[in-house]
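Peer 1: Predicted structure and sequence below. I'll ask about it afterward.
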Amino acid sequence: MKISVNVDGVTYADEVEARLLLVHYLRERLGKTGTVVGCDTGNCGACTVHLDGHSIKSCQMFAVQANGHEVTTIEGLARDGKLHPVQEAFRNNHALQCGFCTPGMIMQAIDLLADESDPDDETVRKGLEGNLCRCTGYQNIVRAVQDAAQRMKPGAGPKIEQHSDEHVTAQQPVGGE
Amino acid sequence: MTATAEPEVGKARLRKEDARLITGQTTWTDNIQLTGMLHMAVLRSPVAHARIRHIDCSRATAMPGVAIVLTGEDLAAEQGSLPCAWPITEDMKAPAAPALAVDQVNFAGEAVALVIADNAYRAADALAAIDVDYDELPVVLDLEEALQDQDLVHPDLGTNKCATWVLDSAEAGSGTNVEDEIASAEVVLERTFRQQRLIPSFMEPRSVVVDPSAGMFTVWSATQIPHILRWMLSAVTGIAEHKIRVIAPDVGGGFGGKLQVTPEELLCLLVARRMGRPVKWTESRTESMLSAHHGRDQIQKITLSARRDGTVTGLKVELLADMGAYLRLVTPGIPILGAFMFNAIYKFAAYRFVCTNVFTNKVPTDAYRGAGRPEATFAIERMMDELAVELDMDPMRVRELNWIKHEEFPFTTVAGMTYDSGNYEAATARAMELFDYEALREEQQRRRSSRDPVQIGIGISTYTEMCGLAPSRVLGALRYAAGGWESASIRMLPTGKVEVITGTSPHGQGHETVWSQIVADRLGVPFEDVEVLHGDTASSHRGMDSYGSRSLAVGGTALVHAADKVLAKARRLAAHMMECDEADVEFATGSFSVRGTSTVRTLGDVVLAAHVAHDLPEGMEPGMDADATFDPDNFSFPHGTHLCATEVDTQTGMVRIRSYVAVDDVGTVVNPLIVDGQVHGGLAQGIAQALYEEAIHDEMGTLTTATFADYLVPSAADLPAFMTARTSTPATSNPLGVKGVGEAGTIASTPAVVNGVLDAVRHLGVRDIEMPLSPERVWTALQGGAADASTPAAGGLGSIDAQGGQS
C-alpha cells in the first residue's frame, strides 16, 4: 500500500506491506532508530511517538494507519541545536541510566505536560504508567518531568530562556486541549 | 590542558552518556543494518519435555525470502555445547547443552529450529510452517519431587540432582558446630522461605549481529560480557579467538540477565559462517521471557538458634536451588554466592550451609541482580524478625545485640569472610532519624487499638553484601573457570587529551562519566578531555566485564593504577625537562613544579615531549601510555539500614508503601547522582520481588507469565518515592575506598518490605506470606488461609497460548 507520512518535519512517500508496524517503518525504512521496541504487547511504551501531537505506541499501529498524519519522534524534538526542555530535564535530573526507555518516556512526558502544566508526583506517576523503566525506579524521572514543567511555564527562568523555550514548545506537537 | 580546580571525585557530574540517549542517537545492536544482511528467527518448543520425533522444514524452506531452515541435527556437528564456567563440585552433573535441541527438548522455549530469511517478517512467517512431532515426556517441575528421581530431566545423568555444596564452620575452622549450638540452644526457630523465580526484564530485548566479512567474525551483541563472550565463542566453535571481535555497543540494561553466552549468539555465528553473509537476530519480549535465563528460585530451610536474651548462636541453611533444564554460564554458582552472606552482619558462633542444585524442565536460571546474595539477605533478615517476635523484643534491638560493632573491624565472619570496614550503628542511627521510627510505632499502636481497616507495619533490613567480584584466588578455590581481575589503559594523546580503555562493560551504569572523573582527578586534566572506550574487544582486548558490583571497585582501581603509572613516568621526564632531581618534583592539579622554585611544566608539556621524543632520559621509551591490571585481595562489603513503612488494607489485601528510607554505606562515592540512581533502581527491583513479580510455569511447564501484561514489572504508579542517604566507611581493599552500589538496593529492600507487611498483620494471626505479596495472597492470609505457592500471584491472564506465545 502507498502511504504518505510526515515524520519529524519531512514528508515520506512509501510503498509498505499492510502488516508493517509503524515502529518498524520508522526504524527499518526511515532509519529513525531513536525509537525502539521493548515488548510485543503495548505494555512498555519504549516505542512511544507522537501522532498529530498525541502520544501513541508505535508498535500497536500499522504504518498504513499513519498515512496522511504527522509523526514526531525523539529525533525530531531538538530544534536549531537546542534540546526540548523535557530532554534537558531528563539529563539534568539523571532520569535515565541505560536509556532504552528514555525516548518513549520523554515523548510520553511531553504529552502529559500538555495536559497538566504543573503535575504533582501522583499525576506524573499515573501519567507515565504505560511506560516501563527497569533502571531508575522512576524517582528521577518524576523529578525531571516536574522540573521540565517548571521550565516550560510561561515566565519561568531568565528572559532569554523564556523566549527560546516558548519558541521551542510552540513548535512541538505536544497535543493537549 | 588546564588544571581542574575542585576535586572530581565526589562531584555530581551530569552524565556524558546522556547526550546521545536523550536524542535517539544511540547504537543499539538492533539498529545495525548491513548490506546483504539476513535475519534469523527461532522456533521454540511449546512443550517442556519431549523427544523430537521428526521436524519437517520443507514447507518453510519453500516460502518467499527464506534462505535456509536449520534444525539441531543440521548443526549437531558444529554447535558443541554451551559453556558452564562454574562446575561447583568435582562430581557436579552437567548435561550437554546444545544451542539448538537435537533430539530432546527440556524446557518450553528451548530453540528447536531456525529460519534464515531476507527480512525479519518473512523469517517469522516461515516459523509457522515448520512441523515438529514431539513425543511428550513426563514433566519435572517441583524441586522436592525432582529429588525423588521418579522422572528425570536428563535420563543420561541418572538423577535430577546436579550437585551438593557445603560450607561448615566447624569443618572450616571458622566457628563451632551448628548441631551442637542447636542442641544446646534456649530458642530454636525453623522456617522455610520460598524465593520465587524472577525474570531480569532488561528493557532492551537481546539482539545479535554477526558479520563474517573480511576474514573476521565481528559479533555485535546486547551483552554485559563482550570479553568472556569472545573467549567462550572461540572455545565452543573452535574459531580462533583472534578471528573473533565482539562489540557490545549501547546496551539497554542487563541486571545479570545479559551475563550469558546465549544459544542465539552461537547460532548467529554458525549461520553467518555457513552463509558467508551477515546475520541478525533480535528477540521479541515473549521470546526473551521464554528463553533468556531467569533468576532466584530457591526453597530455603533455615534453622536459627539463640539464647533467650536475644544472642544468636547458630545458623543452619539448607537450600534447594532450581537450575532449570541446563547449566548456563554461571548457573550452579549463583546460590553459592549466597553461602557467605546468610550470616550477614551478625556474630554467629556456628554456621552450616548446604545447597542442593536441582534440574527441572524449566527455563535455566542464572545471575539476576544480587545473584545469591538477595536470597541470603532475605532469609536472615526475615529470621531476625522472627526471633524478635519469638522473644517479644524490638526487631532493631535484636539486630543491634548481634551485629559486628564498628570498632571490631576488620572482622572475620563465621563464613570465613573478612569484612574490612563498616559502621552499622551509624547507618542505623541515620535511618531511624530520617524514618521517624518512634512516631510510626506509635501510629501503629493507635491503628491496632482502633482496629483501623488500614494497618501499618515497619520493616527492617540491616544488610550487607559482598561486592567487587572478585579475588582471582578465591574464584579459583571456588572452582570458577576465570579470574576476577580488571584491566585499564590510558593513552595520553599528543594534544593532551586522554583516552581511557576499560575492560568493564557498562550497560547503563555511567562508566564513561565516572571513569572520566577518576582520571581527571588523578591526572589533573579537564573532565571533558577524557574519552572512555569500552565494550569492543578490538580496542579493549582484555577485561572481565561488568556484573557483581565490580566495575568501580576492581575496574576503577585498575584505572587509578594506570594513571599512577602515567604520572610516575611523567614525573621522571618532567625532572629531566626541568633539570632537577626527581625527588624535588611536585605534582598538583595537572602541573609539575620544582620544589621551592617557579619552574613549572604542565602534564600536557610533558606528554608532548614524550610523544616527540626529541630529548628523553636515558632508556626511556617514547610516549606516555600505561596499562594496569588489578586483582583485588578481598571483596568489598557495602552495607546499610533500610526501613519500610507499609500500609496494608485488611479489607482488600492491598499493600502500599508509605515511606521508604535507605541509608547505604558504599564507601567513597565518586558521583553521588549516579549512586543515588543505582540505589533507586535497585530498590525498585527488590520491592518488585516482594510485591509484584513472579515467573509462573503451569503444570505442563509452560511459562504463563511471558509478556509484560502477565509479568508485573512495576510502573511509576506502583512505586513510592524513596528517601536515600549515606554514611561512609571507606573500603580498605582499594585505593579509592569504594565498595560498589549496583546491587545494594535490590539486596536490601525485599526483606524490608516483607517484614513491613508481616509487621502490619501479624497481630491478626498471620505468620508468613509467600512472595510476591499480591493483594490476593495478603487477603487470603488474613482470612486464615494458606497463601501458598500454588496460587498464581501475579498475572495469570492466560494470554500465552500452547505455542508459547508464538503463532
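Peer 2: Alright, I've got the coordinates. Numbering: from 1, shown residues only, chains lettered A, B, ... in the order given.

Peer 1: Nearest spatial neighbour of whatever residue of the stretch 701-807 of chain B ends up closest to chain A, chain-adjacent residues omitted?
Peer 2: Checking the stretch 701-807 of chain B residue by residue against chain A with CB to the nearest CB singles out B:Phe708 as nearest, at 3.5 Å. The C-beta positions use only the backbone N, C-alpha and C, and glycine is treated the same way. Take B:Phe708 and drop its neighbours on the chain: the residue closest to it by CB to CB, 6 or more residues apart in numbering or on different chains is A:Asn43, 3.5 Å away.

Peer 1: The one you found: what secondary structure?
Peer 2: Three-state call for A:Asn43 (DSSP: H, G, I helix; E, B strand; the rest coil): coil.

Peer 1: Also A:Asp147?
Peer 2: Reducing the assignment to helix, strand or coil with three-state DSSP, the entry for A:Asp147 is helix.

Peer 1: who's in contact with it?
Peer 2: Counting by CB atoms under 8 Å, 6 or more residues apart in numbering or on different chains, A:Asp147 touches A:89, A:92-93.

Peer 1: which one of those has the most neighbours?
Peer 2: Within the contacts of A:Asp147, neighbour counts (other CB atoms under 10 Å in any protein chain shown) peak at A:Ala89, which reaches 27 neighbours.

Peer 1: so what's residue 118 up against?
Peer 2: Defaulting to chain A. For A:Asp118, the contacting residues are A:149-150, A:153, by CB under 8 Å, 6+ apart.

Peer 1: Sorry, I should have been clearer: chain B.
Peer 2: Residues counted as contacts of B:Asp118 (CB under 8 Å, 6+ apart) are B:38-39, B:65, B:67.

Peer 1: swap in B:Thr360?
Peer 2: By CB under 8 Å, 6+ apart, B:Thr360 lies in contact with B:140-143, B:146, B:153, B:160, B:322-325.

Peer 1: just checking, which of those residues belong to strands?
Peer 2: B:322-324 (DSSP state E).

Peer 1: so B:Ile501 sits right up against B:Leu533, yeah?
Peer 2: Yes. In this structure, B:Ile501 sits in contact with B:Leu533. The criterion is CB atoms under 8 Å, and the distance is 4.9 Å.

Peer 1: ok so, going back, isn't the residue nearest to B:Phe708 right next to A:Gly130, touching?
Peer 2: Yes. At 7.5 Å, A:Asn43 counts as touching A:Gly130 under the criterion of CB under 8 Å.

Peer 1: Could you break the chain into its assigned domains?
Peer 2: Going with chain A. Residue ranges for the structural domains of chain A, counted by automatic domain parsing, are given in the record as A:2-75, A:85-171.

Peer 1: switch to chain B, that's the one I care about
Peer 2: Residue ranges of the domains in chain B are recorded as B:18-24+B:485-630, B:32-137+B:203-253+B:258-291, B:141-200+B:293-392, B:420-469+B:633-807, according to automatic domain parsing.

Peer 1: Identify the residue of chain A closest to chain B, quick one.
Peer 2: Taking CB to the nearest CB, chain A has A:Gly34 as its residue nearest chain B, at 1.8 Å.

Peer 1: Just give the nearest non-adjacent residue to that residue, would you?
Peer 2: B:Gly24 (1.8 Å).

Peer 1: neighbours around the one you found, how many?
Peer 2: Applying other CB under 10 Å, we find 23 residues neighbouring B:Gly24.

Peer 1: A:Ala13 too?
Peer 2: Counted with other CB under 10 Å, residues neighbouring A:Ala13 total 8.

Peer 1: ditto for B:Ile456
Peer 2: For B:Ile456, the number of neighbouring residues by other CB under 10 Å comes to 22.

Peer 1: from memory it sits against B:Glu443, does it?
Peer 2: Yes. Proximity of B:Ile456 to B:Glu443 meets the contact threshold set by CB under 8 Å, at 6.2 Å.

Peer 1: sorry, back to before: of all the contacts of B:Asp118, which comes closest to chain A?
Peer 2: Taking CB to the nearest CB as the measure, chain A lies nearest B:His39 of the contacts of B:Asp118, at 10.5 Å.

Peer 1: Point me to the helix or strand that includes that closest one.
Peer 2: Following DSSP states H and E, one finds B:His39 within strand B:38-44.

Peer 1: try B:Asp149
Peer 2: Secondary structure assignment for B:Asp149, by DSSP H and E: no helix or strand.

Peer 1: Distance check, it against B:Glu90.
Peer 2: Applying CB to CB, to the nearest Å, one obtains 21 Å for the distance of B:Asp149 from B:Glu90.

Peer 1: Strand partners (parallel or antiparallel) of the host helix or strand of B:Thr218?
Peer 2: When secondary structure is defined by DSSP H and E, B:Thr218 falls within strand B:217-221. Take DSSP bridges as the rule and strand B:217-221 pairs in its sheet with strand B:207-211 (antiparallel), strand B:244-247 (parallel).

Peer 1: Any idea which of those strands gets closest to B:Val178?
Peer 2: Each of these has some distance to B:Val178 by CB to CB; the shortest is strand B:244-247, at 45.2 Å.
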